[in-house]
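# sequence unavailable; structure follows:
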């Protein structure tokens, strides 16, 4: 054990876990405080009276009842965003280019995973599976999704981005938009030709839909149930594992060192004997694999997927990457978690706080408002350094 | 599109009186083909391609202008009214050409990638849709619950005023959006504009409460059109009736009128674009596009320059939005999706960003691909499905082909392929923009 530990950089495992914990707790506490504060302020106003009339609860009670669930949901989706955002941020760090097609790579991962599980389901293997088998099937689906998405990301880089390296900035970006649109319809075409429809549902299996209840406690006239569904735990745990693994890869291995070198200065890196093309391919592979895994996790959490499923998560993950400081891995984690929290809080409470005038239907554009605000007031992101413009 | 291997041969033909003959023959052939084969897509393509020969063959400017005017104002309207589908096609081409020309200023001249361009189109459309329909009186009602006998707020002829207002309001929206976001670098700008496009669409979808501004996903209808006096219809019928072959009614005349309005807008846009391109502002745009840092060093006010490009581009989308709302009499958030923005972007990229004829060609090509080729292909596949035909070697019966394989629904594939292929193989577009040559001696005298 001691000999093994010598080769493992323990700090690089402990540090990201610590960061994740700090980010999660920090954003949860801050967001809860804001929500509770608003609730207390609104309690005596028309909003509070309206809610009291309709449901016989005060705004404060309502907020508190929902709070644990909102925090957990926010964390779950936040980790998914973080996993996607890492793909954006890695590619941006290395190539200074927004990989617009990343959202479709995410979608392909989701489809491969879900199709595998559907195939297993129709062969009857899922229904009779023991708990252990159910988990191994899920892991298999995630691995297949990662493989497909990673391979696709590498292919896309080779075909559509590499020939354009060195052209002006907008050229590869437009090509990436093209790839994104192209892939959306390819997924749709393949799905509708092979299965006759392009909306797929994640089969139900294992114990993923159960809820673990921690306990109930009284709050005014109602009870708060504190619980978490198994699939949320699965999503959070696998996301944390991936994030830690990625962090380790980038910060404590030779390949990681090469990636960082290429990100810092491509020409000098190539003079040091680093095969720049291979490193860029690796970056896309790793980013794509993370995206693919996030896709399967997303499908597990939200059950229903379609070829355009990647669009909004992709945009939000990009926002998360910018929010954290694009090119910065820790920033992407922070951005993902903060954005997931913000969005879930807004989606859950805006309807109540505005008396139904603006509710969760504005959830999707919430991210963009944040993006615009960040770009105005802190273009380098929460954790980025202001390095000025590269000529 | 004169490919290089044919360039010499083309140049040989392209001199003396021969080009006049070729162009004339092309136009006449196209016209006659469409006239006698009104249902053939191929005939229509021959007619449309005569614009290309008009552009590429070396004829005098007077001939070009005369031929273009005759084509757009005489031949197209008559053939269009004869087969109303063609009128729809050329109307859509003109609308998209105008939009693409507007986006061209932003993307082609100033080099700002705007992925939410249809947002400004939506602003214009909803502007007239709100004031030109009963929507003002629908405000207190939830969608679908309003009484049917509500009055209209404004008369239909206010439409012309609102075309002007559409320009102003869209330009102001562009400035309001641009002020905060134009400070960010190009690729961020793309995402922010994309986000803005989605914001506008989500707002249009959801602003049916607390006050019903947009009627939500159901959209606003009926939207008024400007008045069309009966004598115009009669007059058209007496002059062109024999040629058209059937009685022209008011709705045909409306289609025609909106087509002509779109053409007029295009002419204004082309004129403004050309003048702007030659102005100090246009040069500032080019400078910003080519090298932002160098442009700042030359004392070009960065934000002001970008903002003006943004506002000019937006204003053209605004006027087309007003036009669209009136011509369709119905608008819904569906018409202003992200895909529309990318569609317009592919037109600009395909034709050649920064190039006016290129962008018009791009708009025409993609619209025809969309409306005729893809749909024609769908119909053809459907026919094959109905038949008993079998693909020989692989022994596959057409009737087994999935009904999901419907090319008309795969526009994204088309746009995506166009964008990728153009970027890899011909980033300057089909008709590249002419680069301004250096005229140092001239500029010293300025």
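Perfect, thanks for sending it. The model shown is predicted, which means the values in this text are computed figures rather than measured ones. Residues are numbered from 1 along each chain as shown, chains lettered A, B, ... in the order given.
# can you pull out the strands in the stretch 251-400 of chain B?
Counting by DSSP state E, counting those that start in this stretch, one finds strands in the stretch 251-400 of chain B at the ranges B:390-391, B:396-397.
# and the helix or strand where residue A:81 lies, how far out from the chain middle?
Element membership for residue A:81 (DSSP states H and E) is helix A:59-95. Relative to its chain's centre, helix A:59-95 lies at 7 Å (CA atoms, centre = their mean, to the nearest Å).
# so is the helix or strand following it next to chain B?
Next along the chain after helix A:59-95, taking DSSP H and E as the criterion, comes helix A:102-122. No - against chain B, helix A:102-122 shows no contacts by CB under 8 Å from any CB of the partner chain, the least distance being 9.7 Å. Placement of C-beta: from N, CA and C, glycine included.
# and the angle from helix A:102-122 to helix A:59-95?
Orientation check (axes from the mean of the first three to the mean of the last three CA atoms, to 10 degrees): helix A:102-122 against helix A:59-95 gives 110 degrees.
# so which elements touch helix A:102-122?
helix A:59-95, helix A:131-156, helix A:170-195, strand A:200-201, helix A:276-302, strand A:304-305, helix A:311-324 (3 or more CB pairs under 8 Å, 6 or more residues apart in numbering or on different chains; DSSP states H and E).
# from the chain's centroid, how far away is it?
Averaging C-alpha positions (CA atoms, centre = their mean) puts helix A:102-122 16 Å from its chain's average.
# sketch out the low-pLDDT regions of the chain for me.
No chain specified, so I'll use chain A. A:1-6, A:55, A:217-224, A:356-357, A:385-391 (pLDDT under 70).
# nope, chain B
B:1-5, B:186, B:402, B:404, B:436-446.
# so which residue is dead centre in it?
The residue lying closest to the centre of chain B (CA atoms, centre = their mean) is residue B:96, at 0.8 Å.
# touching, that residue and residue B:347? I think so.
Yes - look at residue B:96 against residue B:347 with CB atoms under 8 Å: they come within range, at 6.2 Å.
# which residues are in contact with both of these two?
B:363, B:366 (CB atoms under 8 Å, 6 or more residues apart in numbering or on different chains).
# give me the buried positions along the helix holding residue A:81.
A:59-95 (16 or more other CB atoms under 10 Å in any protein chain shown).
# near chain B, anything from that helix?
No - on the criterion CB under 8 Å from any CB, helix A:59-95 is out of touch with chain B, staying 8.8 Å away.
# coming back round to it: output the strands of the stretch 251-400 of chain B as TSV; include the columns mean neighbour count.
Putting these into TSV (neighbours: other CB atoms under 10 Å in any protein chain shown) gives the following:
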stretch	mean neighbour count
strand B:390-391	12
strand B:396-397	12
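# just how off-centre is the lengthiest helix in chain B within its chain?
Longest helix in chain B by number of residues, with DSSP state H as the criterion: helix B:250-278. Helix B:250-278 sits 11 Å away from the centroid of its parent chain (CA atoms, centre = their mean).
# count of neighbours near residue B:301?
Residues lying near residue B:301 (other CB atoms under 10 Å in any protein chain shown) number 13.
# separation between it and residue A:326?
For residue B:301, the distance to residue A:326 equals 27 Å [CB to CB, to the nearest Å].
# show me what residue of the stretch 201-350 of chain A gets nearest to chain B.
The stretch 201-350 of chain A approaches chain B most closely through residue A:318 (6.1 Å), counting by CB to the nearest CB.
# shouldn't that residue be in contact with residue A:98?
Yes - between residue A:318 and residue A:98 a contact is recorded at 6.9 Å, counting by CB under 8 Å.
# can you give me the helices for the stretch 201-350 of chain B?
Using DSSP state H, counting those that start in this stretch, the helices of the stretch 201-350 of chain B run over residues B:230-244, B:250-278, B:280-290, B:292-297, B:302-328, B:338-351.
# let's have the ones you listed in CSV, adding mean neighbour count and distance to chain A.
Shown next, in CSV, are these (neighbours: other CB atoms under 10 Å in any protein chain shown; distance: least, CB to the nearest CB, whole Å):
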stretch, mean neighbour count, distance to chain A
helix B:230-244, 13, 40
helix B:250-278, 18, 19
helix B:280-290, 19, 9
helix B:292-297, 14, 5
helix B:302-328, 25, 11
helix B:338-351, 26, 6
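# before we move on, back to that, got JSON lines for the helices and strands packed on helix A:102-122, with distance to residue B:399 too?
Putting the helices and strands packed on helix A:102-122 into JSON lines (distance: least, CB to CB, whole Å) gives the following:
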{"stretch": "helix A:59-95", "distance to residue B:399": "42"}
{"stretch": "helix A:131-156", "distance to residue B:399": "32"}
{"stretch": "helix A:170-195", "distance to residue B:399": "15"}
{"stretch": "strand A:200-201", "distance to residue B:399": "26"}
{"stretch": "helix A:276-302", "distance to residue B:399": "34"}
{"stretch": "strand A:304-305", "distance to residue B:399": "30"}
{"stretch": "helix A:311-324", "distance to residue B:399": "35"}
